[in-house]
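Colleague: Predicted model, plus sequence, below.
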Amino acid sequence: MALLEIEDLHATVDGHEILKGVNLAVNAGEVHSIMGPNGSGKSTLAAVLARRETYQVTGGRVLFDGKDLLEMKPEDAACEGLFLAFQYPVEIPGIGNAYFLRSAMNAIRKYRGQDELDAMDFLPFYKERLKLLEMDEKLMNRSVNEGFSGGEKKRNEILQMAMLEPKLAILDETDSGLDIDAMRIVARGVNAMRSPDRAFLVITHYQRLLDYIVPDFVHVLVDGKIARSGGPELALELEEKGYGFAEADAAQALPA
Amino acid sequence: MRVRSGKGGSEKSMATATGRLEKYLEAYGDLIALRQERDPVWLRQLREEAWARFFANGFPTTHDEDWRFTNLAALARTAFSRVAKGSVAVSAEQIEKFRVAGAACQLVFVNGHFAPELSAIGNLPKGLEICSLERAIDCGMAGIVHGNAPDGCAPTGIEQHLGQYADVRRDVFAALNTALWEDGAYLRIRRGAVIEQPVHLLYVSAGAGAEIMTHPRTLIVAEPASQAAVIEDYVSIGSEAAFSNAVTELVAGQDAVVSHFLVERENLGAFNVSTLRLEQARGTNVSSHSILLGGGLVRNNVHPVLDGEGAECLINGLFVGAGRQHLDNYMLVEHAQPQCSSRQFYNGILDDAARGVFHGRIVVYKDAQKTDAKQTNRNLLLSDNARIDTKPQLEIHADDVKCTHGATIGQIEEEQLFYLRSRGFSEAQARNTLLYAFAAECLDRMREPAAREFVEGLIRERLTELVRSRKTSALAAPAEDNAHGEAQSWEEVG
């Protein structure tokens, strides 16, 4: 059974249907990339999977590691091993990064029946991950994302992923707004985390990121449905021809 | 139906006012009988003048601009009585939980009377003189000077300062306190002395079945270049409504560094009016920290007068209200001399049908050039029925000054809540963490570790209670609304 199985998923925001029947299966160990034009539903898909309550699921089902994901609260999904790297990471003044991360790790460990980490166990692990993402140790004592540059925020998302070690990581346009150096660092963080037990769903506009994080599969989301799927070469084709050709395909596919 | 100001009122409203003030008249009569022989002339005159002011005016109504957002009808119609000394017994065990770890000493007052058997004075740090105000007055009358009395009574300097700063003409509660105070604390920090640990003044209301009133009076004289911190702490034993009307005058001599903490954690039926009047000489650095967590109707007046060049004042506060609590903060900062700075930071958290008020008035006099005054009031409303009225008021008569103010009103941001939950925090844990971060901003501005730790513990306890009560109260409907509705973004109102 696949790690993530999405069947005919429909979802609305404020009464507008955004996802119109998404089907997708992701196995452990795989990297899938979802591409598509603005407004096609990429971020909605990520938010629905992370169980954001502002999105209403109106049909379909999603199994995550064999369990009904749509029955889960956001914290349950996180504890089950789902991680969303936010497109716009949120600033939380007054809560330190280290405190935040240790609390998150301990919430997840508690859910899994593991012992909580104390500061002594936590710190060396944290420092090692900071190094992987070339982040300053001083950031540890700063408030979560407060005063971080755009690149620091995105790196902080990947850092959190590296700490929480999810089964499925969804990267929602983590590359947008990153310069090439920051993108290489982010990609290195992701690649270091690739393993047979872990899957990635990489949402992006640009083929560029996929030069660094090479996907096993590429899907094109158009108007709330997956219009085409293929290997990494599909991303290159999209880069060349634009989304128009995938949209045309989708239109042709409709009568059938 | 409110008590009306006698001036210009009809005969009938005058009679009503007098009727309502009967208990106060009775208390005044008792007190005069008790103190007639023991009070010095200057004190008797002070009381008489203050009483006349109070009795002529009665309690203010919402027509009074300073009381626009706070209706005193419930206070005015309750017949509070004065409690004679020793009439309610409070045990040491009952006090134990209110102690502050690491305090230099603790003075306990029960229903406005000093309770030496409950207090912990121990070995006072060098340079700190502390005693009950009543005892100091009595010593003064008996001709005892400092050092002679076995209990460390220190009458020096009281006449010079007591009642010289609190304005009985403008403020009827200050007048009422000045007329009716029976006891309180007198602190004198000697020139150059540094008192590292905070002094804890615990004011206990224990009605034992009756609705009682107390008028605690505190005088703190920090001589030049001295340093100290004082925690004034209001608590209840039992659930009776009590009325505490406190006045504290804090006089900071040149270059003194003083922190004052007001902690209000009485029961939800309590009426608490407190007035902190700060008199700051040249180069002083005074902080006022107000932590309002309890009480039913609370009015917190903080009134610094920066009356010497280069004086600095920090006015820091947190108010947390739920149920039907009403927490009113009235700030009046007077910049009377050049080169002074004042900083006001007040955060409010209001749930259920609680109501908060922040009234921040800054007056800069003509001579107070180079004044740097800043005021910030941020509020978190957790329910649709909670309400905050925030009102900045700047009155500037000098031309070279920097004055800023800002106020925000918002809800817990859904974005932040989701972010934490997506990392595994339960909803309650996420909510509690965000609330705590907002509340804890005031802690960063406290420099005394023992006082800070004490306040931190109280805040944690209060917020945990708040989150827990939300979870049980019919699934906290307003919070659900917030998650979908007009939630997020702070609304700029200043």
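Modeller: Happy to help now that I have it. Residues are numbered from 1 along each chain as shown, chains lettered A, B, ... in the order given.

Colleague: okay, CA-based contacts and neighbour counts for the rest of this
Modeller: Noted.

Colleague: Mind pulling up the pLDDT for residue B:162?
Modeller: Residue B:162 is assigned a pLDDT of 96 by the prediction.

Colleague: which phi and psi does it have?
Modeller: Phi and psi for residue B:162, reported as degrees, to the nearest 10, are phi -60, psi 120.

Colleague: Test my guess that it contacts residue B:217.
Modeller: No - checked against Cα atoms under 8 Å, the pair residue B:162 and residue B:217 is beyond contact range at 9.3 Å.

Colleague: okay, those two: which has more neighbours?
Modeller: Here residue B:162 and residue B:217 are set side by side on neighbour count (other Cα atoms under 10 Å in any protein chain shown), and the busier one is residue B:217, at 28 against 23.

Colleague: For burial, what's the neighbour tally of the closest residue to the more buried one other than its chain neighbours?
Modeller: Among residues not flanking residue B:217 along the chain, residue B:184 sits closest, at 4.6 Å (Cα to Cα, 6 or more residues apart in numbering or on different chains). For residue B:184, the neighbour count with other Cα under 10 Å is 27.

Colleague: So residue B:184 sits against residue B:214, correct?
Modeller: No - taking contacts as Cα under 8 Å, residue B:184 lies outside contact range of residue B:214: 10.2 Å.

Colleague: list residues touching both of the two?
Modeller: Taking Cα atoms under 8 Å, 6 or more residues apart in numbering or on different chains as the contact rule, residue B:184 and residue B:214 both touch residue B:112.

Colleague: what's the weakest-modelled helix or strand in chain A?
Modeller: helix A:244-253 (a mean of 64; mean pLDDT, DSSP states H and E).

Colleague: and the residue nearest to residue B:217, what does it touch?
Modeller: Counting by Cα under 8 Å, 6+ apart, residue B:184 makes contact with B:109, B:112-114, B:132-134, B:216-219.

Colleague: and residue B:373, how many neighbours?
Modeller: 23.

Colleague: Just confirm residue B:310 is within a strand.
Modeller: No - assigned with DSSP: H, G, I helix; E, B strand; the rest coil, residue B:310 falls outside any strand and is coil.

Colleague: Return the distance of it relative to chain A.
Modeller: Applying Cα to the nearest Cα, to the nearest Å, the value for residue B:310 to chain A is 31 Å.

Colleague: do residue B:345 as well
Modeller: 15 Å.

Colleague: What of residue B:193?
Modeller: Remark: distance between residue B:193 and chain A (Cα to the nearest Cα) = 35 Å.

Colleague: Make sure I have this right: residue A:12 is in a strand.
Modeller: Yes - judged by three-state DSSP, residue A:12 forms part of a strand.

Colleague: hang on, isn't it packed against residue A:21?
Modeller: No - at 11.4 Å, residue A:12 and residue A:21 do not qualify as touching, with contact defined as Cα under 8 Å.

Colleague: residue in the stretch 201-350 of chain B nearest to chain A?
Modeller: residue B:347 (13.2 Å; Cα to the nearest Cα).

Colleague: CSV for the contacts of residue B:184, including secondary structure?
Modeller: Below are those laid out as CSV (three-state DSSP):
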residue, secondary structure
B:109, strand
B:112, coil
B:113, strand
B:114, strand
B:132, strand
B:133, helix
B:134, helix
B:216, coil
B:217, strand
B:218, strand
B:219, strand
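
Colleague: Show me what residue A:169 is bridged to.
Modeller: Counting by DSSP bridges, residue A:169 is bridged to residue A:83, residue A:200.

Colleague: Tell me, how many residues neighbour it?
Modeller: When neighbours are defined as other Cα under 10 Å, residue A:169 has 23 of them.

Colleague: ditto for the one 3 residues further on
Modeller: Residue A:172: 24 surrounding residues under other Cα under 10 Å.

Colleague: tell me the contacts of it?
Modeller: A:42-43, A:46, A:84-87, A:202-204.

Colleague: how close does it get to residue A:147?
Modeller: To residue A:147, residue A:172 is 21 Å away according to Cα to Cα, to the nearest Å.

Colleague: repeat for residue B:388
Modeller: 29 Å.

Colleague: Those two: which is more packed in?
Modeller: Remark: of residue B:388 and residue A:147, residue B:388 carries more neighbours, 21 against 12, as counted by other Cα under 10 Å.

Colleague: Which pLDDT value goes with the closest residue to the more buried one other than its chain neighbours?
Modeller: Among residues not flanking residue B:388 along the chain, residue B:356 sits closest, at 4.6 Å (Cα to Cα, 6+ apart). Listed pLDDT for residue B:356 reads 98.

Colleague: which helices and strands does whichever strand or helix holds residue B:356 pack with?
Modeller: Element membership for residue B:356, per DSSP states H and E: strand B:355-364. Applying 3 or more Cα pairs under 8 Å, 6 or more residues apart in numbering or on different chains; DSSP states H and E, we find strand B:355-364 packed against strand B:312-321, strand B:326-335, strand B:372-381, strand B:387-396.

Colleague: For those strands, please prepare a markdown table with the additional fields mean pLDDT.
Modeller: A markdown table is the format used below for the helices and strands packed on strand B:355-364 (pLDDT from 0 to 100):
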| stretch | mean pLDDT |
| --- | --- |
| strand B:312-321 | 98 |
| strand B:326-335 | 98 |
| strand B:372-381 | 96 |
| strand B:387-396 | 95 |
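
Colleague: of all those strands, which lies closest to residue A:58?
Modeller: strand B:372-381 (32.1 Å; Cα to Cα).

Colleague: Tell me the strands beside the closest one, with direction?
Modeller: Taking DSSP bridges as the criterion, strand B:372-381 forms sheet pairs with strand B:341-350 (parallel), strand B:402-410 (parallel).

Colleague: Let me see the contact set for residue B:451.
Modeller: Taking Cα under 8 Å, 6+ apart, one finds B:100, B:198, B:231 in contact with residue B:451.

Colleague: how about it, secondary structure?
Modeller: The three-state label for residue B:451, taken from three-state DSSP, comes out as helix.

Colleague: before we move on, what about the one 3 residues further on?
Modeller: Taken by three-state DSSP, the conformation at residue B:454 corresponds to helix.

Colleague: got a list of what it touches?
Modeller: Taking Cα under 8 Å, 6+ apart, one finds B:100-101 in contact with residue B:454.

Colleague: The same query, at a cut-off of 10 Å, please.
Modeller: Shown in contact with residue B:454 (Cα atoms under 10 Å, 6 or more residues apart in numbering or on different chains): B:99-103, B:231.

Colleague: Same list (the contacts of residue B:451) but as JSON lines, adding secondary structure.
Modeller: Putting these into JSON lines (three-state DSSP) gives the following:
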{"residue": "B:100", "secondary structure": "coil"}
{"residue": "B:198", "secondary structure": "coil"}
{"residue": "B:231", "secondary structure": "strand"}
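
Colleague: For the stretch 101-250 of chain B, just list every one of the strands.
Modeller: Here the stretch 101-250 of chain B has its strands, by DSSP state E, counting those that start in this stretch, at B:105-110, B:113-114, B:128-132, B:184-189, B:199-205, B:212-214, B:217-222, B:227-236, B:242-252.

Colleague: Report the rounded mean pLDDT for the first one.
Modeller: By that I understand strand B:105-110. For strand B:105-110, mean pLDDT rounds to 96.

Colleague: what comes up buried for it?
Modeller: Within strand B:105-110, the residues scored as buried using 16 or more other Cα atoms under 10 Å in any protein chain shown are B:105-110.

Colleague: now do stretch A:33-49
Modeller: Quick answer for stretch A:33-49 (16+ other Cα under 10 Å): A:33-37, A:40-49.
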